[in-house]
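Asker: Generate a structure from the sequence data that follows.
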Amino acid sequence: MLRFSNGHAFEYMTASGALGFDGKGWPWEQPWRWMGLLDPTLFTSVTKTLTLQPTEGNLRWYNPFRCLRFVRGGVVNAVGLSNPGIDWWCQKIGPTIDPTKIPLVASIFGEPQELAEMTRTLNSFNLVGLEINASCPNTKTDILQDAARIINSCEVVKTNSRLPLILKLSVTHDVAKIVKETKGVIDAIAINSVPWTVVFPDRQSPLLKFGSGGISGKVAQPFTWGLVKRLAELTTTPIIGPSIWNFSDLEAVRSLGAKAISFGSIFLPYPWRPTLYVRKKQKLKQLKV
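Answerer: Numbering: from 1, shown residues only. From the prediction side, this is the model:
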């Protein structure tokens, strides 16, 4: 169980964008929801990452799978930061939030001054937290590797926000420096997909035209779970464990030090599995009681 400074507590989260901008799921996920095989109310959901201005990225709503490919035991994606911008979200999504049904965390990306502006705007909505996406593997900028910039971004958001803050990091970051300087500023740490070139340094990505992309799922576990273990040794800030693929992964990543579980790319090939796993876990707890 992970508890934010505002009292919101959860065990299971959906990774940024897994269930869209509102936590209710993308259009192609709705049949599973209608059948009761995907229940968004079981999770604290993180929105797809928002930027101050609309960002085209690589995702096309009429063909969402053009920038996604399945690999053995995972997914490679080069979606990027595709989103209609913070103003669109505030007009279309923000007023509809009901945290008693689907607790929602807004994921944001930008320069520190942009983050500050977005944070002040998001204070008006009934969110349970914010996430700084400091680790998108599909954006062409070096600022994501700048530890000082990441630390400054956390401080800026903390200063301007009434909400708890999750920092989303990558295996490529200087995590020792970042977690030391953000202790007491952030409430939790999430872990993003792994750059293709880190997982497959000698293999060409099928999404090379989009910039290789990021790997997630079971194939990413040696990297992301390794980071969970390292972070748990470095800091007392709670870690959210990623890369869930099988039911046994829930306990495996908890044993490494994760305080909560994040479901991400598993929704693509197996949209029913996160709901199935959480319900199964709940039943096992009831039997123990």
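
Asker: Would you map the strands across the stretch 51-200 of the chain?
Answerer: With strands called from DSSP state E, counting those that start in this stretch, the stretch 51-200 of the chain shows them at 68-71, 74-77, 104-108, 129-133, 165-169, 188-191, 194-195.

Asker: Can you tell me which of those is nearest to Ala147?
Answerer: The closest of those to Ala147 is strand 165-169. By CB to CB, the value is 10.1 Å. Any C-beta I mention is one placed from the backbone N, CA and C, and that applies to glycine too.

Asker: Who are the packing partners of the closest one?
Answerer: With contacts taken as 3 or more CB pairs under 8 Å, 6 or more residues apart in numbering; DSSP states H and E, strand 165-169 sits against strand 129-133, helix 147-160, helix 175-182, strand 188-191.

Asker: a markdown table for the strands of the stretch 51-200 of the chain, including distance to Gln282?
Answerer: Formatted as a markdown table, the strands of the stretch 51-200 of the chain follow (distance: least, CB to CB, whole Å):
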| stretch | distance to Gln282 |
| --- | --- |
| strand 68-71 | 29 |
| strand 74-77 | 26 |
| strand 104-108 | 21 |
| strand 129-133 | 23 |
| strand 165-169 | 24 |
| strand 188-191 | 22 |
| strand 194-195 | 30 |
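
Asker: Turn those strands into CSV, including mean pLDDT.
Answerer: Below are these laid out as CSV (pLDDT from 0 to 100):
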stretch, mean pLDDT
strand 68-71, 93
strand 74-77, 95
strand 104-108, 98
strand 129-133, 97
strand 165-169, 97
strand 188-191, 98
strand 194-195, 95
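
Asker: Can you add mean neighbour count and distance to Gly213 and give those strands back as JSON lines?
Answerer: Output for the strands of the stretch 51-200 of the chain, formatted as JSON lines (neighbours: other CB atoms under 10 Å; distance: least, CB to CB, whole Å):
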{"stretch": "strand 68-71", "mean neighbour count": "16", "distance to Gly213": "8"}
{"stretch": "strand 74-77", "mean neighbour count": "25", "distance to Gly213": "5"}
{"stretch": "strand 104-108", "mean neighbour count": "26", "distance to Gly213": "18"}
{"stretch": "strand 129-133", "mean neighbour count": "26", "distance to Gly213": "15"}
{"stretch": "strand 165-169", "mean neighbour count": "25", "distance to Gly213": "17"}
{"stretch": "strand 188-191", "mean neighbour count": "26", "distance to Gly213": "16"}
{"stretch": "strand 194-195", "mean neighbour count": "26", "distance to Gly213": "8"}
